[in-house]
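Visitor: predicted model follows, preceded by the sequence.
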Amino acid sequence: MNKSSLLRHLLVACAWMCAGTALAERTVTYLQPPTPPMPRLNLGHHVGPVRSCAFIDGGETLVTAGEDKTIRLWEPRTLELKKTIYTNTIIDARRTLHGRYFCLAAHPSKRIIAVAGAVGNTNSMVRIIDLDKDTQLDYQEDGNSHINNIAFSADGRWLLAGTGDSKILVWQIHLDKPRGQVMELRSTYTSEARVHFIRFPKEGNSFLYKPENRNSCLASIDANTGQIRKIREYPIKGFSILSNDGSKVFGRSNRNYLCVFDRETGQAIRRLPNHLQRGHAALATFTPDGSKLYISRDTTLCRADWLSAVGEDMHEICDKTYDMRCADNGLIALVGGKPAAIYVIDSKTDQTIAYHEFKNSLRTLGISQENPLKFAWGFGGYYDYSGGMMSGFDFASMQVAPPFGRLADYTTRYTRHEDKFLSLRNWKQLHLNDGQVRDRGTVLSYSFTQSGKIVFSGWNELGLLEPDDLTTPLADPLFGAYFPVCAIWSVLGSHELPIIASGGEEGILQIWHEKAGKLLVNLYVDEQGEWVCWTPLGFYDCSANGARYLDWISEHGVDSLARTYDRDAAMKAFHAPEVVRKVIQSQTLDTQVIEELGIDIPKPEGGARVHKLPFTLTGKGLPKR
């Protein structure tokens, strides 16, 4: 080894040692080696609850974040998708999911956003993303409870996050520092209760926050230390918001009146019309000039001129509203989760100019009693448990099946196995022959498997139980490269084959190998009968136009955004009908099938650190088509 080579190796080693020291303090991994290409379903919209939204570019771009672990940028007047940002989704050593987003905030003057949410059951996480450079500037994760809301200060210097354990975290934002050093935690404020809302006006460092079941509070941030000081309280029982100029506070008073309060005095200056008191007012926003209010109440959007105390119902909206924002140009965005929905209203004309609802939640599953590879399912809204079978698929012929008819005609739940029978009480307690099996979290569906194990599903959870051990679940044995990110409404074990079928909020049918505890295939069928079926490694089969629903990405650890490969190159490299057919028809994992067929996983040229990379076939290569 020559001197220059030795020096180069020493410099690389020193860099890794320094990085390792810094990482030990932050407990995250920085720039991990890229993963192999990973398939992701992309329907052009969120497939889970849309938790938060924000306008950027003066209202010309709408940004949304959802529980499907994606961030999406839209043209607000048409809801045409501009960009999808994938973030880390790898199941880590704790088998938890990164990037389940509950809230989003936009920097007041730059194309930078902050997204925050949950990692697993207890940890919280925050990401800062530069939208111009498609770069993650910083990531922090700790053991605080989930972050429920997040907001930038009016000058962009501070980022505040409210947690489920009654804390407000205060970071100072240093955009001039290198990646990984942008966020500096300056203070932690203990609130009266869990913090539901944090809102800043257009100017100043004062802000409004709402503890659960407590009065709304006005507070300020010390410009030097980041310490929070509470100024006053307002008798507001529910949500609360500030007008753009910060002079007015609106919310539901402790006497159940919708009122506008003066920020400085805390006195109610206007009570809204009586008919707007009916129902549950969840969120509201002022128009840019502060003259009108828009209020989401149950399933209705209301408009109120608070100066003249005149109000009226306007539009029907989704059943659950999570966030509502108004842009400087007068556009109002409202997002929800029952079903996943986005609405855009023009406050100048009081018209809904764009909306989207995703209703293809897979609610019911059935297996043909004549063909164990033929499945049927029914779709529905969030609380729609209708018995109709809307679609089906025959994996033996790899074709969409004709309508199946009534759900009662097919096996939908395998609740008896030999001398054992299963029942569910209170959505939490599974009982085997009247003995309690499970009482932890919500159980949405359950079934016996071919071998007599018990499979159950819940919120983002799919697990197995041994009948001989009624209290200890197996260590979440079912997971794969594409794990559900939302509620798994239905799970069904097969009588004849060692497979388990599951489906939920995303509208995807997943087939699992019971004994291996691994995913075999995913299937998505759209309303026109176009379908795509893919394995965890990304090999797929599809109808004529079904491949358009897949993206292939590569991940680099939680400190970096995922990168998207060129779709045309990936489609050509991973199109392998023979692999998909053998995986599902012989119930064999794709890793074993490609070894038997002499196929290697396609790899990208030049690494995976930029968008749109070509693929090159390595090793034995794929068969010619």
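Guide: Perfect, thanks for sending it. Numbers count the residues shown, from 1 in each chain.

Visitor: distance of Ala151 relative to Glu60?
Guide: Distance of Ala151 to Glu60, computed by C-beta to C-beta, to the nearest Å: 21 Å. Where you see a C-beta, it was placed from the backbone N, CA and C, and this is true even at glycine.

Visitor: the two: which is more packed in?
Guide: Ala151 (23 against 13; other C-beta atoms under 10 Å).

Visitor: wasn't the more buried one part of a strand?
Guide: Yes - judged by DSSP: H, G, I helix; E, B strand; the rest coil, Ala151 forms part of a strand.

Visitor: Asn205 is in contact with that one, correct?
Guide: No - in this structure, Ala151 is not within contact of Asn205 by C-beta atoms under 8 Å, at 11.7 Å.

Visitor: show me what contacts Gly503?
Guide: Shown in contact with Gly503 (C-beta atoms under 8 Å, 6 or more residues apart in numbering): 362-363, 365, 377, 488-490, 509-510.

Visitor: look at it and report its pLDDT.
Guide: At Gly503, the model reports a pLDDT of 89.

Visitor: same check on Gln181?
Guide: At Gln181, pLDDT is 93.

Visitor: that one: neighbour count?
Guide: Neighbour count for Gln181, taken as other C-beta under 10 Å: 12.

Visitor: and stretch 151-160, how far out from the chain's middle?
Guide: Distance, stretch centre to chain centre, for stretch 151-160: 24 Å (C-alpha atoms, centre = their mean, to the nearest Å).

Visitor: extract the C-alpha trace of it and format it as CSV.
Guide: As requested, the backbone C-alpha atoms of stretch 151-160 are provided in CSV (Å, rounded to 0.1, in the frame of the first residue of the first chain):
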residue,chain,number,x,y,z
ALA,A,151,-45.3,24.9,14.8
PHE,A,152,-42.6,27.3,13.6
SER,A,153,-42.5,30.7,15.2
ALA,A,154,-43.3,33.7,13.0
ASP,A,155,-39.6,34.5,12.4
GLY,A,156,-38.7,30.9,11.8
ARG,A,157,-36.1,30.8,14.6
TRP,A,158,-38.0,28.4,16.8
LEU,A,159,-39.8,25.1,16.4
LEU,A,160,-42.2,24.0,19.1
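
Visitor: need the contact partners of that stretch.
Guide: By C-beta under 8 Å, 6+ apart, the residues outside stretch 151-160 that reach it are 105-110, 114, 126, 128, 150, 168-173, 183, 198-205, 207, 221, 223, 226.

Visitor: list the buried ones in it?
Guide: Within stretch 151-160, the residues that count as buried by 16 or more other C-beta atoms under 10 Å are 151-154, 157-160.

Visitor: quick one: those residues as CSV, columns for distance to Leu81 and pLDDT too.
Guide: Shown next, in CSV, are the buried residues of stretch 151-160 (distance: C-beta to C-beta, whole Å; pLDDT from 0 to 100):
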residue, distance to Leu81, pLDDT
Ala151, 25, 96
Phe152, 25, 97
Ser153, 30, 95
Ala154, 30, 93
Arg157, 32, 96
Trp158, 31, 97
Leu159, 27, 97
Leu160, 30, 96
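
Visitor: now the most centrally placed residue in the chain: closest residue in space that isn't a chain neighbour?
Guide: Nearest to the geometric centre of the chain sits Glu67, at 1.4 Å (C-alpha atoms, centre = their mean). Leaving aside its sequence neighbours, Glu67 sits nearest to Gly48 (C-beta to C-beta, 6 or more residues apart in numbering; 4.0 Å).

Visitor: buried ones among the contacts of stretch 151-160?
Guide: Among those, the ones that count as buried by 16+ other C-beta under 10 Å are 105-108, 114, 126, 128, 150, 168-173, 183, 198-201, 205, 207, 221, 226.
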